[in-house]
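*Asks:* what would the 3D arrangement of this be:
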Amino acid sequence: MHKIGIISDTHNLLRTSVVTILRTCEVILHGGDIHSKKILDQLQDIAPVYAVRGNADKEWAALLPQSLFIELFGIKIFMIHNKKFIHEDLREQDLIICGHSHKYEKLTKDGQIWLNPGSCGRRRFSLPVTMALLTVQESGAFQIDRIQLDTDQLADLNTPPKDMKEIVTCVMKLTDKGKPVAEIAKHCRIPQELAEQICRLYVTHPGVSADGILGKMGL
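*Replies:* This next block holds a predicted model:
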């Protein structure tokens with residue numbers, strides 16, 4: 001049995017949960033919008049990578065193909081970032097992979113599977129963080145499993161950890177003023193779930209400092 005990790009739209013974020021799954025795979029396929037060479041290098045340290053260039057992949061990605069035909073373990077695969085730019089003849093392909101929308105989708109058309117693994121990088125709006133796992137049996141039969149990932153609230157914030165102390169301090173001050181969590185989240189420009197977590201730690205640990213809260217959050 002062979003396992004292939006299929007991801008897209010990492011946008012400069014490689015989550016620990018994604019890495020854990022990819023380490024079980026023989027090959028990684030990336031549907032574009034990698035965002036930086038650093039992420040591509042990290043993926044290549046895990047397993048061989050086939051990747052296409054996304055619209056957010058700038059000068060560093062000049063050598064990445066816009067589209068790609070590959071065959072892995074007997075499966076004929078075509079990859080492109082945005083499916084609206086498909087001009088190739090795909091009649092012989094078993095699997096067509098794209099990205100761009102950040103939304104997981106798997107459709108079967110004329111015996112082919114069209115797959116968008118969604119985004120496993122930065123969350124877009126309220127869409128879930130997802131990837132796909134392609135499992136190929138020795139017989140050539142294969143299946144695709146959708147994987148929804150646990151998210152890292154800091155990663156979804158798109159906020160450097162060094163700025164978190166300022167955010168925690170802001171939440172603490174507004175909590176002292178008796179502001180409701182929804183108002184605190186809006187004022188500090190953070191998800192309400194994160195505001196709730198900080199408020200809870202602050203209220204249940206009298207005298208705790210901002211550094212203390214960050215420590216309890218594992219930061």
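*Asks:* do a quick rundown of the strands in the chain.
*Replies:* Counting by DSSP state E, residue ranges of the strands within the chain are 2-7, 27-30, 49-51, 67-72, 75-80, 95-97, 105-109, 112-116, 130-136, 142-148.
*Asks:* so for the second one, mean pLDDT?
*Replies:* Rounded to a whole number, the mean pLDDT of strand 27-30 is 98.
*Asks:* what do you get for the fifth one?
*Replies:* Strand 75-80 comes out with an average pLDDT of 98.
*Asks:* do the same with the last one
*Replies:* Throughout strand 142-148, pLDDT has a mean value of 95.
*Asks:* how far does that strand sit from the chain's center?
*Replies:* Relative to its chain's centre, strand 142-148 lies at 15 Å (CA atoms, centre = their mean, to the nearest Å).
*Asks:* same thing with the first one?
*Replies:* Mean C-alpha position of strand 2-7 versus that of the full chain (CA atoms, centre = their mean) differs by 14 Å.
*Asks:* now do the fourth one
*Replies:* In terms of CA atoms, centre = their mean, the centre of strand 67-72 is found 22 Å from the chain centre.
*Asks:* avg pLDDT for that strand?
*Replies:* The model assigns strand 67-72 a mean pLDDT of 97.
*Asks:* give the buried residues for that strand.
*Replies:* By neighbour count on 16 or more other CB atoms under 10 Å, the buried set for strand 67-72 is S67, L68, L72. Backbone N, C-alpha and C define where each C-beta goes, glycine included.
*Asks:* and those residues as CSV, adding distance to T175?
*Replies:* Listed next are the buried residues of strand 67-72 as CSV, based on distance: CB to CB, whole Å:
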residue, distance to T175
S67, 51
L68, 51
L72, 53
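*Asks:* count of residues packed around E92?
*Replies:* 9 (other CB atoms under 10 Å).
*Asks:* make that K216, sorry
*Replies:* K216 has 15 neighbouring residues, counting by other CB under 10 Å.
*Asks:* test my guess that H11 contacts S36.
*Replies:* No: taking contacts as CB atoms under 8 Å, H11 lies outside contact range of S36: 9.0 Å.
*Asks:* what residue ranges in the protein score low on pLDDT?
*Replies:* Within the chain, the segments meeting pLDDT under 70 span 125, 150-162, 218-219.
*Asks:* change it to 90
*Replies:* 1, 12-17, 109-111, 121-128, 138-140, 149-167, 185-197, 211, 213-219 (pLDDT under 90).
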